[in-house]
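Student: Just a sequence and a predicted model for now, questions to come.
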Amino acid sequence: MANGGKDRGSRESRERARLYQARVDFHNGQSRRRTRDNLIAGIAGGLLVVGVLAAQTAYFVSGPGAPAPEPTQTMNPGETPAPTPTETGTPTETPVPSVTPTPTP
C-alpha cells in the first residue's frame with residue numbers, strides 16, 4: 001500500500017485549496033458589502049442634506065421665520081405720490097449757564 005501517502009497529501013492539498021477559496025470568497029463578499037454600505041450611506045446623507053435645505057427654505061419663506069408683509073399703497077396710473085408729512089417741531093432754547101465770578105481775597 002504505497003498509495004496511502006499520496007492520498008493523504010492529495011486530501012490535505014484539496015482541503016488547503018478549499019479553505020483558501022473560502023477565505024477569498026469571504027474577503028470578496030466583505031469588499032462588496034463595504035462598497036454597498038458606503039453607497040447607501042452616501043445617498044442617505046445626500047437626501048438628508050437636501051431635506052434640511054428644503055425645510056429651512058420653507059421655514060424662512062412661508063413659515064414663522066418669514067418677514068411680516070408691509071402694507072403697500074396702490075395708486076392709479078398717472079397719479080403722483082403725495083409727499084409724506086414730516087413733523088417739524090419748534091426748536092427749544094436751552095439755557096446757557098451763567099458764569100459767576102468768584103470773590104478773590
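Tutor: Yep, that arrived. Worth saying up front: this structure is predicted, and the values here are computed from it rather than measured. Residues are numbered from 1 along each chain as shown.
Student: rest of the way, CA atoms for contacts and neighbours
Tutor: Noted.
Student: how deep is residue 18 tucked in, by neighbour count?
Tutor: Residue 18: 12 surrounding residues under other C-alpha atoms under 10 Å.
Student: What separation is there between it and residue 24?
Tutor: 10 Å (C-alpha to C-alpha, to the nearest Å).
Student: what do you get for residue 33?
Tutor: From residue 33 to residue 24 the distance is 14 Å (C-alpha to C-alpha).
Student: likewise residue 72?
Tutor: From residue 72 to residue 24 the distance is 74 Å (C-alpha to C-alpha).
Student: Please say which of these two ends up with more neighbours.
Tutor: residue 24 (12 against 6).
Student: For the helix or strand containing the more buried one, what does the pLDDT average out to?
Tutor: Per DSSP states H and E: residue 24 is located in helix 4-62. Averaged across helix 4-62, pLDDT comes to 93.
Student: how many neighbours does residue 99 have?
Tutor: Residue 99 - counted by other C-alpha under 10 Å - has 6 other residues nearby.
Student: My error: substitute residue 55 in the last question.
Tutor: 13.
Student: distance of it from residue 13?
Tutor: From residue 55 over to residue 13 (counting by C-alpha to C-alpha), the distance is 63 Å.
Student: before we move on, what about residue 92?
Tutor: Counting by C-alpha to C-alpha - residue 92 and residue 13 are separated by 112 Å.
Student: Of the two, give the one with the bigger neighbour count.
Tutor: residue 13 (12 against 6).
Student: Distance of the more buried one relative to residue 104?
Tutor: The value you get for residue 13 to residue 104, if C-alpha to C-alpha is used, is 126 Å.
Student: again, but for residue 28
Tutor: 108 Å.
Student: higher neighbour count, those two?
Tutor: For residue 28 versus residue 104, neighbours defined as other C-alpha under 10 Å are more numerous around residue 28 (12 against 4).
Student: Taking the centroid of the protein, which residue is nearest it?
Tutor: residue 49 (5.7 Å; C-alpha atoms, centre = their mean).
Student: Quick one: residues contacting that one.
Tutor: Residues near residue 49 by C-alpha atoms under 8 Å, 6 or more residues apart in numbering: none.
Student: tell me, how many neighbours does the closest residue to residue 66 other than its chain neighbours end up with?
Tutor: Excluding its sequence neighbours, the residue lying closest to residue 66 (C-alpha to C-alpha, 6 or more residues apart in numbering) is residue 60, at 4.8 Å. The number of residues packed near residue 60 is 12, by other C-alpha under 10 Å.
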